[in-house]
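Participant: Just the structure for this:
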Amino acid sequence: MADEKPVRIAVDIGGTFTDLQIQDARTGQVHALKTPSTPQDPSIGLITGVEEAAARFGFKPPEIGRLLHGSTIATNAVLERKLPKGALITTRGFEDVLEIGRHMRKDVYALKAEPRSVLVPRQLRFGVAERITADGAVETPLDEEAMGELAVRLDKLGVEAVAIMFLHGYRNP
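Facilitator: This is a model prediction of the structure:
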């Protein structure tokens, strides 16, 4: 069982450095390590950091019971708008819900709200026939044929990343 292994590592991969916090249950010690990130392939910086931590702090990688991962790279990409060309697939009729953003207004009494910038432009947001109720029951089954056609269309549009967010999808993954 993973929790029975003595070493836990928390990692944050940033654009410049990969930070590791290592907890060893055998000794009760917590160690910190900072290694250079590898922007061309963040996994290289992660693996190198774990190997360096193992050598420096006296454990073997199979002794790692838990690895917690965070990525400042992803946060920075969103904040700086340096994202791949992405599309959003959602329940038909809900394509604009993130752009509407009713609860995110600077001035709730302003007669005309400033438009918010969006991560996915309108022409790359697609609704498909499907519906899951709040209790997880399938009200309208996913139209798999339409999803296949949409996949072909997204490929032709040069889409590099796709987010799929169905209404109440968390209830029936």
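
Participant: Surely residue 44 touches residue 38?
Facilitator: Yes - counting by Cβ atoms under 8 Å, residue 38 is a contact partner of residue 44 at 4.1 Å. For every residue, glycine as well, the C-beta is placed using N, CA and C.

Participant: need the contact list for residue 72.
Facilitator: Residue 72 sits next to 12, 13, 14, 15 when contact means Cβ atoms under 8 Å, 6 or more residues apart in numbering.

Participant: mind giving me TSV with those residues and columns for secondary structure, neighbour count and distance to residue 96?
Facilitator: As requested, the contacts of residue 72 are exported to TSV (DSSP: H, G, I helix; E, B strand; the rest coil; neighbours: other Cβ atoms under 10 Å; distance: Cβ to Cβ, whole Å):
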residue	secondary structure	neighbour count	distance to residue 96
12	strand	17	34
13	strand	23	33
14	coil	18	33
15	coil	14	32
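
Participant: Residue 4: which of the residues you listed is nearest?
Facilitator: Checking these against residue 4 by Cβ to Cβ gives residue 12 as the nearest, at 25.3 Å.

Participant: Contacts only, for the closest one.
Facilitator: Contacts of residue 12 by Cβ under 8 Å, 6+ apart are 18, 19, 70, 71, 72.

Participant: worst-scoring helix or strand of this structure, pLDDT-wise?
Facilitator: Lowest by mean pLDDT, DSSP states H and E among the helices and strands of the chain is helix 97-100, with a mean of 81.

Participant: Need the contact partners of that helix.
Facilitator: Helix 97-100 has contacts (Cβ under 8 Å, 6+ apart) with 88, 90, 116, 118, 119, 120, 122.

Participant: one more time with 6 Å
Facilitator: residue 118 (Cβ atoms under 6 Å, 6 or more residues apart in numbering).

Participant: Which of the helices or strands spans residue 145?
Facilitator: helix 144-156 (DSSP states H and E).

Participant: Correction: the previous question concerned residue 73.
Facilitator: Assigned by DSSP H and E, residue 73 belongs to helix 72-80.

Participant: what helices or strands is the following helix or strand past that helix leaning on?
Facilitator: Later in the chain than helix 72-80, the nearest helix or strand by DSSP H and E is strand 86-91. If you count contacts as 3 or more Cβ pairs under 6 Å, 6 or more residues apart in numbering; DSSP states H and E, strand 86-91 packs onto strand 125-128, strand 161-165.

Participant: Nothing else from me, thank you.
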